[in-house]
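# just need the structure, nothing else, for what follows:
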Amino acid sequence: METKNSFFSNSLITLTRQLASIVIGITLISVLGRTLGKDGYGEYTLITYVPLMIMTFLNLGLNSSTIYFVSRRKYSLKEIFNTNVLMALLLSLIGIIIGTVVLYLFKESKFDELDLSLLFASFFALPFMLGMIFLQTIFQGQQKFKTFNTALLIQQLGTVISVLIFVLLLDLGLQAAVFSFGIGYFCSVTYCLIILFTVEKLQLNFRSFSKTYLKESVTYGIKAHISNVMTFLNYRLDIFFLGFFLGKGSVGIYSAAVNIGERLSIFSQSISSVLLPRISSSEETVDRNRITALVTRIMTLFMILLGLVVFILSDFIFDVILNSEYESSSLMLQLLIPGIVVLAVEKLLSNDLAGRGKPELNMYVSIFNVVLNVILNLILIPSIGIKGAAIASSITYILSFMIKVIIYSRETKVKPFELLILRKSDVLLLSNTAKKLAKSFM
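Okay, the predicted model is just below:
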């Protein structure tokens, strides 16, 4: 019972941070969308997605393997910390070089309407981007979710405060927005280092670099890495296709819908971030199956209800957050909602499988998703425009969810209806939890 209470307590802590993240994220969308306009916001999205893509391709899955090996306690924290820091610096240098070469080769492409100097400048956020994901996952592996969530929150706060000062108040435009993007990661890395130095008593000493840990970490992480790369492409390729076929204005309209839609998945993310180290450290298969099945059943119902509410209020949401320039974003969000709902539930199953040491299963599904998504985008965007990207995403997410449920069921012997249909005992648990929360606030 204590373990279950701990799981829900950690999930609640993470959820609180994620709720704060919604407020910060919506503030960021509103300020950037209104001040930059749909063209400027589209350009900002395309520019910042490039370093995000480089980071995703180059991280070698070290963030995922850090969670796994810290929770397993196979290597000392000193070895993991110093190896991760050195790899963050090395990989970011490689990323800057690759990004610069690619930028030079494609400077005459259809993306030449982007500010290439700003795109180049965005590459220098890479050391802090890689540093953040390699350091914060140490806390996640330790199941220190208060620290883990604070690191994530500081990154978002750093960005939004910088945007409010330099973009909204000083009206410095797109350049300040891209600068603010890097500032957020810098703030988070600074916080992580302070905690690791002062609380964990670690020291930066590259003589503690562990080749053995790195080799084993990459071996484990590469499976999760390929899956994460495929997942990133699955989530973001439509943005690049829109930029290529329709221009940055269409990217601005579509990315506004995507960014608001992603706020729906915060509930799944809060539980998933707790679930992965919890499953990794558990030796009992029955315990693993019981926790994931319970959480998935509750999340399925919740996401369906939340999706319906957002679908109905979509026009109102965009009227409040943005302006008439983004009127068509409402339809994009409505087309995305079916996919977003099932994607949030699928993330729980993906993290469970990764926690069991089987990230390759997620990888196989992700590869299928990318191939399908590319085909659908190439067919639908040229023929029906921005709507094609939203429809392609939802179709891909729904099929991906169905496949993941089948795979998970075969791996765990948990039947699909046991994963998705709420039980009486779940209702009682929710009722008792709600009563306890109510009492704690009284």
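# strands along the stretch 1-150 of the chain, start to end?
For the stretch 1-150 of the chain, no strands are identified by DSSP state E, counting those that start in this stretch.
# in it, which segments are predicted with low confidence?
1-15, 17, 107-112 (pLDDT under 70).
# where does pLDDT dip in the stretch 251-400 of the chain?
For the stretch 251-400 of the chain, the stretches with pLDDT under 70 are 267-288.
# can you give me the helices for it?
Using DSSP state H, counting those that start in this stretch, the helices of the stretch 251-400 of the chain run over 266-281, 285-321, 329-355, 359-384, 386-412.
# buried ones in the longest one?
Using 16 or more other CB atoms under 10 Å as the burial criterion, the residues of helix 285-321 that qualify are 288-289, 291-303, 306-307, 310-311, 314, 317-318, 321. In short, each C-beta sits where N, CA and C put it, glycine included.
# that one packs against which elements?
Using 3 or more CB pairs under 8 Å, 6 or more residues apart in numbering; DSSP states H and E, the elements in contact with helix 285-321 are helix 2-58, helix 248-262, helix 266-281, helix 329-355, helix 386-412, helix 416-420, helix 424-441.
# turn the ones you listed into TSV, including mean neighbour count and distance to Val371.
Output for the helices and strands packed on helix 285-321, formatted as TSV (neighbours: other CB atoms under 10 Å; distance: least, CB to CB, whole Å):
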stretch	mean neighbour count	distance to Val371
helix 2-58	19	18
helix 248-262	24	21
helix 266-281	23	24
helix 329-355	24	17
helix 386-412	20	10
helix 416-420	15	24
helix 424-441	10	36
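# quick one on the thing from earlier: and the helices of the stretch 251-400 of the chain as CSV, adding distance to Gln143?
Shown next, in CSV, are these (distance: least, CB to CB, whole Å):
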stretch, distance to Gln143
helix 266-281, 5
helix 285-321, 14
helix 329-355, 12
helix 359-384, 19
helix 386-412, 22
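# out of those helices, which is closest to Gly252?
With CB to CB as the measure, helix 329-355 is the member of those nearest Gly252 (8.7 Å).
# elements contacting that closest one?
Using 3+ CB pairs under 8 Å, 6+ apart, helix 329-355 sits against helix 248-262, helix 266-281, helix 285-321, helix 359-384, helix 386-412.
# quick one on the thing from earlier: Ile80 is nearest to which of the helices and strands packed on helix 285-321?
Ranking those by proximity to Ile80 (CB to CB) places helix 266-281 first, at 13.9 Å.
# sorry, back to before: could I get the helices and strands packed on helix 285-321 in CSV, plus columns for distance to Lys223?
Converted to CSV, those look like this (distance: least, CB to CB, whole Å):
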stretch, distance to Lys223
helix 2-58, 15
helix 248-262, 25
helix 266-281, 14
helix 329-355, 9
helix 386-412, 14
helix 416-420, 23
helix 424-441, 32
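# nearest to Ser76, out of those helices?
Of all the helices and strands packed on helix 285-321, helix 266-281 comes closest under CB to CB, at 17.1 Å.
# of the helices and strands packed on helix 285-321, which is nearest Gln175?
Of all the helices and strands packed on helix 285-321, helix 2-58 comes closest under CB to CB, at 10.2 Å.
# now the angle from the closest one to helix 248-262?
160 degrees (axes from the mean of the first three to the mean of the last three CA atoms, to 10 degrees).
# for stretch 187-205, the distance to its chain's centre please.
Distance of stretch 187-205 from the chain centroid (CA atoms, centre = their mean, to the nearest Å) equals 23 Å.
# how about it: buried residues?
Cys187, Ser188, Val189, Thr190, Tyr191, Cys192, Leu193, Ile195, Leu196, Glu200, Leu202.
# stretch 96-115 now?
Ile96, Gly99, Leu103, Phe111, Leu114.
# extract the CA atoms of that stretch and return them as CSV.
What follows is stretch 96-115, C-alpha atoms only, in CSV (Å, rounded to 0.1, in the frame of the first residue of the first chain):
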residue,chain,number,x,y,z
ILE,A,96,26.9,22.6,-34.0
ILE,A,97,29.3,21.4,-36.7
ILE,A,98,26.7,19.2,-38.4
GLY,A,99,24.1,22.0,-38.1
THR,A,100,26.4,24.5,-39.7
VAL,A,101,27.3,22.2,-42.6
VAL,A,102,23.6,21.4,-43.3
LEU,A,103,22.7,25.1,-43.1
TYR,A,104,25.4,25.9,-45.7
LEU,A,105,24.2,23.1,-48.1
PHE,A,106,20.5,24.0,-47.9
LYS,A,107,20.8,27.8,-47.8
GLU,A,108,19.2,28.0,-51.3
SER,A,109,16.3,25.7,-50.5
LYS,A,110,12.6,26.5,-50.0
PHE,A,111,13.5,27.4,-46.4
ASP,A,112,15.5,30.4,-47.5
GLU,A,113,12.7,32.6,-46.2
LEU,A,114,14.0,31.8,-42.7
ASP,A,115,16.5,34.1,-41.0
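# adding distance to Ala121, write the helices and strands packed on helix 329-355 out as a markdown table.
Formatted as a markdown table, these follow (distance: least, CB to CB, whole Å):
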| stretch | distance to Ala121 |
| --- | --- |
| helix 248-262 | 18 |
| helix 266-281 | 29 |
| helix 285-321 | 28 |
| helix 359-384 | 29 |
| helix 386-412 | 28 |
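# and those: which comes nearest Ser330?
Closest approach to Ser330 among these (CB to CB): helix 285-321, 4.5 Å.
# helix, strand or coil for the closest residue to Arg297 other than its chain neighbours?
Excluding the flanking residues, the one nearest Arg297 by CB to CB, 6 or more residues apart in numbering is Leu422, at 5.1 Å. The three-state assignment at Leu422 reads coil, by DSSP: H, G, I helix; E, B strand; the rest coil.
# any idea how far Leu89 is from Leu422?
Distance, Leu422 to Leu89, using CB to CB, to the nearest Å: 48 Å.
# ok, now Leu305?
Leu305 is 45 Å from Leu89, where distance means CB to CB.
# give the contact list for the closest residue to Glu262 other than its chain neighbours.
Spatial nearest neighbour of Glu262, excluding adjacent residues (CB to CB, 6+ apart): Ile340 at 7.4 Å. Counting by CB atoms under 8 Å, 6 or more residues apart in numbering, Ile340 touches Gly261, Glu262, Leu264, Ser265, Gly307, Ser394, Tyr397.
# looking at these, which one is closest to Gly141?
Ser265 (22.2 Å).
# next, the contact list for that closest one, please.
Ile340, Leu343, Ala344, Lys347.
# quick one: contacts for the nearest residue to Leu361 once chain neighbours are set aside?
In space, and not counting its chain neighbours, Leu361 is closest to Leu353: 5.1 Å by CB to CB, 6+ apart. For Leu353, the residues meeting the contact criterion (CB under 8 Å, 6+ apart) are Pro359, Leu361, Asn362, Ile407, Tyr408, Glu411.
# surely the last one meets Lys358?
Yes: checked against CB atoms under 8 Å, the pair Glu411 and Lys358 is within contact range at 7.0 Å.
# residues shared between the contacts of these two?
In terms of CB under 8 Å, 6+ apart, Glu411 and Lys358 are not both contacted by any residue.
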